[in-house]
Structure formats: structure tokens, C-alpha cells
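A.B. asks: with the sequence up front, the predicted model follows.
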Amino acid sequence: QVQLVESGGGLVQAGGSVRLSCAASGRTLSTYTMGWFRQAPGKERVFVSAITWNGGRTAYADSVKGRFTISRDNAKNTLYLQMNSLKAEDTAVYYCAADSRRRFGAQLSDYDYWGQGTQVTVSS
């Protein structure tokens, strides 16, 4: 079983930066595709970014492209999301997810394991 725990969220001003972390336990994630999703109040959970098991490929939603950077440290079993130039519309609960079958997808169903989420609030 895989446990994922996000951290690093909080309140930040528009234009600011935040780095989210997702620490995994229970199993090494070095062979898993990893992703970030977010859910704003009253809206569905949506794809933000994904990264292949070795970091060789990354993907981003158009809304965050050029502002967010996904990365991973397999030695630390940790996933990151660097969020720059934050906007009010980035306010959401951010979830990390793990895909044991390396589908590198953008759908919720592509991922097997989920964290509990961390709140990011951007004030304008």
C-alpha cells in the first residue's frame, strides 16, 4: 500500500510562489508516474501536471504552463510542484497522485493512489 502526504500549502499573495511536496511511504515510487491535480471550491478535481518515473517527460495543463514546474527526487521518494506567478484562480486543494501502470495520463482514473490534499489560497 502507498501513502501520499502533501505539504507546503498555505496563503500566498498573487504573484508569489509556493512549493508543494508530496512524500510517499509504504513503497518506493521510483517506477511510478506521478501527478498533481487540484480542486477549487464547487468544482471538479482537474489535472495540473504529471511526470514520468525518471523525470524524462512532463506534462502541464494549459492554465499553469510556464508558471508551474513538476519534479521528483526518487532517492527521497518525494514529488514536488513549484508554483510561481500565482493567480487567484490557482486557489484550490492540491492533490498528488501515483500511477503504478505508468499511463502518464491526465484523468483521475489513471491514478491508483491519492494524498489527502493541501490547501493553497492565493489572495489578490
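C.D. replies: Thanks, I have it.

A.B. asks: three-state assignment of the residue nearest to the spatial centre of the chain?
C.D. replies: Against the mean C-alpha coordinate of the chain, by CA atoms, centre = their mean, the closest residue is Trp36 at 2.4 Å. Here Trp36 takes the strand state, with states given by DSSP: H, G, I helix; E, B strand; the rest coil.

A.B. asks: tell me the confidence at it?
C.D. replies: Reading off the confidence values, Trp36 has pLDDT 98.

A.B. asks: what of Trp53?
C.D. replies: So Trp53 comes in at 93 (pLDDT).

A.B. asks: just checking, it touches Thr28?
C.D. replies: No - Trp53 is beyond contact range of Thr28, at 10.5 Å (criterion: CB atoms under 8 Å). (C-beta placed from N, C-alpha, C; glycine too.)

A.B. asks: overlap in contacts of these two?
C.D. replies: Asn74 (CB atoms under 8 Å, 6 or more residues apart in numbering).

A.B. asks: compare the two (neighbour count), which wins?
C.D. replies: Trp53 (17 against 12; other CB atoms under 10 Å).

A.B. asks: now that one: closest residue in space, sequence neighbours ignored.
C.D. replies: Thr31 (5.1 Å; CB to CB, 6 or more residues apart in numbering).

A.B. asks: show me the helices in the chain, by range?
C.D. replies: With DSSP state H, there are no helices along the chain.

A.B. asks: please enumerate the strands of the protein.
C.D. replies: With strands called from DSSP state E, the chain shows them at 3-7, 10-13, 18-25, 33-39, 45-51, 58-60, 68-73, 78-83, 92-99, 113-114, 118-123.

A.B. asks: now render the ones you listed as CSV, adding distance to Gln107.
C.D. replies: Converted to CSV, those look like this (distance: least, CB to CB, whole Å):
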stretch, distance to Gln107
strand 3-7, 18
strand 10-13, 28
strand 18-25, 19
strand 33-39, 10
strand 45-51, 7
strand 58-60, 12
strand 68-73, 17
strand 78-83, 18
strand 92-99, 10
strand 113-114, 13
strand 118-123, 21
